[in-house]
Every structure is written in C-alpha cells, then in structure tokens.
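A.B. asks: Got a sequence here, can you model it:
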Amino acid sequence: MTDTKTKPARSGLQVAHITILMFSAIIGIGAILLMLPIAHKQPISFIDALFMATSAVCVTGLVTVNVADTFTTFGQTVIMILIELGAIGILTVSTVFLLMLGKSVSLRDSSIVHDSFTASHRINIRRLIKSVVVFLLIFEAAGAALFIFFWSPDMGFKDAAFHGIFLSISAFSNAGISTFAAGMEGFEKDIPTNTVTLILFIAGGIGFMTIAEIYDRAKARFKKEKAVKRVVWSLQIKLVLITTFLSIAIGSVLLLVFEWGNAHAGKPFYQQLMSSVFHVASSRTAGFNNIDLSQFSNPTLYMFILLMFVGGAPISTAGGIKVTTFALLIGMGLSRYRGHERVHLMNRAVPVEVMSRAISIVFIFVLVLIVAMFLLLITESSPGAVAGGARGDFMPILFEAVSAFGTVGLSMGITPDLTVAGKLIITLLMLMGRLGPLTIAMAVGTGRVSRAYQLSEETVMVG
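C.D. replies: Below is the predicted model:
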C-alpha cells in the first residue's frame, strides 16, 4: 500500500521556533546585564547570572543568590523587567513580532496561538494581546499602589515605591522573587500585605481569559442587556474556577490539620488560616512563602509537590500541567467508569483531540521529570554536592525539580548549593516548563503529514 497523497511538512520557522529563540535571546541578554559591574554588589558567576535570568523570565522564582544582598538597584530593575516580559507571555510577544514585521499570521500559526490562549477559535489576536497587557497593568498598578500605601510610613515613599512595584509585578506574574533579604518571611504577621499578595498571584494564576470572561459576564449582568437572558459560562472558566477553588480550599484544610502542632504551633487561628491559604495558593505556581519550608511536615511538602505538578490555569502566568488538564483527566476517569465512550463534563462532550492533547501534556511532563530527577540524583550525589548521597535528600531534590518544571519557585533550601551541572539542569527545566511541553514538541517536530489511507487496527492488552 502506497501513500498516494502526502502533505509535505512546512518549512521555515514556526511560531514555536521563534518563541524559543526569542525566549533564549531575552534570557541571554538578561544574564549579560546581570554580569555588569553596575548590576551586582558582589561578584557573581555567569552560571548564577544565567540561572537568575532564566528564573525571572520564566517567572519561576528559584534563586541561587539572595536578590537583596547580591544585586544593586539596577540589577533588581533588570530582574523586574525580565519578570514582566515573562508575564506578558512569549507567544504574545512572538505574535506582536510577526505583526510588526508586516507578516500575516497563517492559519496554522493562529491555531497555535488559539490553542495556547483560549478554548475558542473565534478570537481577534490583536484584541487578545491588548487585553493581556491591559489586565496585567491594571492589576500590577493596583497592587503597587496598595503596597506603597502600606509601607510608606515605615520605609519612606521612595523605598516603598520600588519594593512595592517589584513585589506587585512579581506576585501577579507568579514569579516568587522578592527584593527583601528575608523574602516574604518578614511579613508573616502582616495581614494586609499577605492579602494583597495572595489576590495578585491568584489572579495571575487563573489566567487572562478567565479574568476577561468574568469581566464580560459581570458587565453584561450590570447593564442588564436584553440580549443576555442569563449568564452562560464556558466550560473552560467553570473548570478553572471550580478546580482552583477546590484545590485551595481542600489544601488549606489539610495544611491546617498537618501543621496544627508543627509549623503553626502556638500561633493565633487567624494567622494559621492566612498562612494555610497563602501557602497552598502559592504552591500552585506563585512560589512565595512567609514561613521557612523546612518547618513544614512531610505530608505538607508532598501536598505542595502535587499542587506544583498541577499548577494554574491556561493563558496565565502559571506553570504545571494546568488545572484544566487535571480536570479533564478526572472527567475521563469518571466517564469511563460510567461507561461513556466520550468524555463528558458538566453536560458537555470534550473533543477527542483535546483529550489527546491533555494526555500528551501529562505524559511529556512526567517523562521530563523522570529524566531530570535521574540526572539530578547523579549530579547532586557526588562528594560535596547538596545531597551528598544521603537517601533522606531525595525529597528536596524532587521538590526542586517539580518546582522548576512547574515554574513555581518554592525550594527546601538546596538551590544555592546545587552543583554547576545541577544548576544547568534546573535552568533547562525552568525554560522547558515555561515554554510548555507541547511547544517543545512542536518546535522539534518535522511537521504534520496527512495520509490518504488508514492503517489496519490491532488490539493490545493493557492493564
């Protein structure tokens, strides 16, 4: 049997290729800027500069050096700009780049943007880019204004403004990087600061399209438009909001129980509640912690790993496999249990290609983590390495790997002590986690080939 009608693979750079090249270029330029004498107070190696630039652009938050003690105001400003570029999203930047060159975005490239940004295929890309930037600036400006208001009496306006703008950008971007020497640990009892930070990184984690849909529905309800008889929410936003709420609610209750006599011992209940919600929501993707993670019990740390694996919503500053992917897998299990051939969720049937994409994301995510963990266990088990060969250090290394690939930024304290090889592996994990497994797959793929025939089927026993 011959292939009578084969569609050749498309030549030239795809959007995915341009995305990776631009992302790498921004990281490289950022690393060079951080190496300048004006950028740091004390000498820094190129590996650490590269690591910091990658962590900032990938809005991860893992750091090999203390940002406040190592970098000058110029260096911290460079990091802040890198975080902002990462938050806007490299696919958005790539689309702007193509439009500025006067090139039309092809149907294939448009579909890549659609798949990455929305469940709908009827969307104006220019309007999408504008909405992303507008929403980002509104939230960051509001957060910065509140931080300045809170901190000005103690710090003075100038310092409060710089720290406030940096933290607001970092929080909404889910970057987890702070300009304070002790990070957020100095604000453990500061309820206003924690509350604003919490709102910012939850808003950034639920995604731009989710915020836009909430805004559109609220505006329609407020105006009481005759054409809108009732508010109809998309399946996308339902899955995002329900999964986000349940993960934070259930996780907070579990953390309260796990840490009642441990990390939270002797603290007022309101402080325990705030800490529980803050750390559970943060572990999904934000990377902030106002309590040293070494104080948490193993069940809590394991729960953080699971939350980091799932991550936040699509079209957001979050990483992980995304809450929608997790919800679709749960829906697939329930549908199979009920005997449905198709996946049914909330009175909707999910397209087969969407389920295939969800399964592929999880498979690639797990595969990358397996390989990365194997390499890290080798590099960090040498004499003088962070692990030192101790079996008890498996958890910190696993925690670090999932945090890097999920672009979360939480760490059990081993990041500065990683070997050079370990830092390079974590750097690559952060980059791959931000670009997304499917983007990597598209970039290295040879293109889609369509055949005029189908191969014969043959069953294979599984399970």
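A.B. asks: Could you give me the buried positions within the longest helix along the chain?
C.D. replies: The helix that spans the most residues within the chain, counting by DSSP state H, is helix 125-155. Using 16 or more other CB atoms under 10 Å as the test for burial, helix 125-155 gives 125, 128-129, 131-133, 135-136, 139-140, 142-144, 146-148, 150-151, 155. Yep, even glycine has a C-beta here, placed from its N, CA and C like the rest.
A.B. asks: Does anything pack onto that helix? Which helices or strands?
C.D. replies: Applying 3 or more CB pairs under 8 Å, 6 or more residues apart in numbering; DSSP states H and E, one finds that helix 125-155 contacts helix 73-88, helix 90-100, helix 107-117, helix 157-172, helix 191-206, helix 208-223.
A.B. asks: Of all those helices, which one comes closest to residue 249?
C.D. replies: Closest to residue 249 of the helices and strands packed on helix 125-155 is helix 191-206 (CB to CB; 12.5 Å).
A.B. asks: which residues sit against the closest one?
C.D. replies: Applying CB atoms under 8 Å, 6 or more residues apart in numbering, the external contacts of helix 191-206 come out as 87, 139-140, 143, 146-147, 150-151, 167-168, 171-174, 184, 187-188, 211, 240-241, 244, 248, 270, 274, 277-278, 281-282, 284-286, 288, 290, 312-313, 316-318.
A.B. asks: what's the distance between stretch 372-383 and the middle of its chain?
C.D. replies: Averaging C-alpha positions (CA atoms, centre = their mean, to the nearest Å) puts stretch 372-383 25 Å from its chain's average.
A.B. asks: actually stretch 394-414, not the one I wrote
C.D. replies: Relative to its parent chain, stretch 394-414 has a centroid offset of 13 Å by CA atoms, centre = their mean.
A.B. asks: what's the span of it, first residue to last?
C.D. replies: One end of stretch 394-414 sits 11 Å from the other (CA to CA, to the nearest Å).
A.B. asks: Show the average pLDDT along the longest helix of the chain.
C.D. replies: The average pLDDT for helix 125-155 rounds to 86.
A.B. asks: Next, the angle from that helix to helix 208-223.
C.D. replies: Helix 125-155 and helix 208-223 meet at an angle of 90 degrees, taking axes from the mean of the first three to the mean of the last three CA atoms, to 10 degrees as the criterion.
A.B. asks: Just the buried ones from the contacts of helix 191-206?
C.D. replies: Neighbour counting over these (16+ other CB under 10 Å) leaves 87, 139-140, 143, 146-147, 150-151, 167-168, 171-174, 184, 187-188, 211, 240-241, 244, 248, 274, 277-278, 281-282, 284-286, 288, 290, 312-313, 316-318 as the buried ones.
A.B. asks: any weak-confidence spans in the stretch 51-200 of the chain?
C.D. replies: 90-128 (pLDDT under 70).
A.B. asks: mind redoing it with 90?
C.D. replies: Scanning the stretch 51-200 of the chain for pLDDT under 90 picks out the ranges 59, 61, 85-136, 154-155, 173-174, 176, 181-190.
A.B. asks: The stretch 351-463 of the chain now?
C.D. replies: Scanning the stretch 351-463 of the chain for pLDDT under 90 picks out 351-361, 364, 379-395, 407, 409, 412-413, 417, 433-463.
A.B. asks: ok so, going back, quick one: closest of the helices and strands packed on helix 125-155 to residue 325.
C.D. replies: With respect to residue 325, and counting by CB to CB, the nearest of these is helix 107-117 at 12.6 Å.
A.B. asks: in the stretch 301-450 of the chain, which spans are helices?
C.D. replies: Under the criterion DSSP state H, counting those that start in this stretch, helices of the stretch 301-450 of the chain are mapped to 323-337, 352-379, 394-405, 420-435, 437-444.
A.B. asks: can those go into TSV with extra columns for distance to residue 197?
C.D. replies: TSV is the format used below for the helices of the stretch 301-450 of the chain (distance: least, CB to CB, whole Å):
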stretch	distance to residue 197
helix 323-337	20
helix 352-379	27
helix 394-405	18
helix 420-435	21
helix 437-444	29
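A.B. asks: which one of those helices lies closest to residue 51?
C.D. replies: Nearest of the helices of the stretch 301-450 of the chain to residue 51, taken as CB to CB: helix 420-435 at 5.3 Å.
A.B. asks: and the angle from that closest one to helix 73-88?
C.D. replies: Interaxial angle, helix 420-435 versus helix 73-88 (the same axes, to 10 degrees): 40 degrees.
A.B. asks: and helix 420-435, which residues are buried?
C.D. replies: Applying 16+ other CB under 10 Å to helix 420-435 flags 421-435 as buried.
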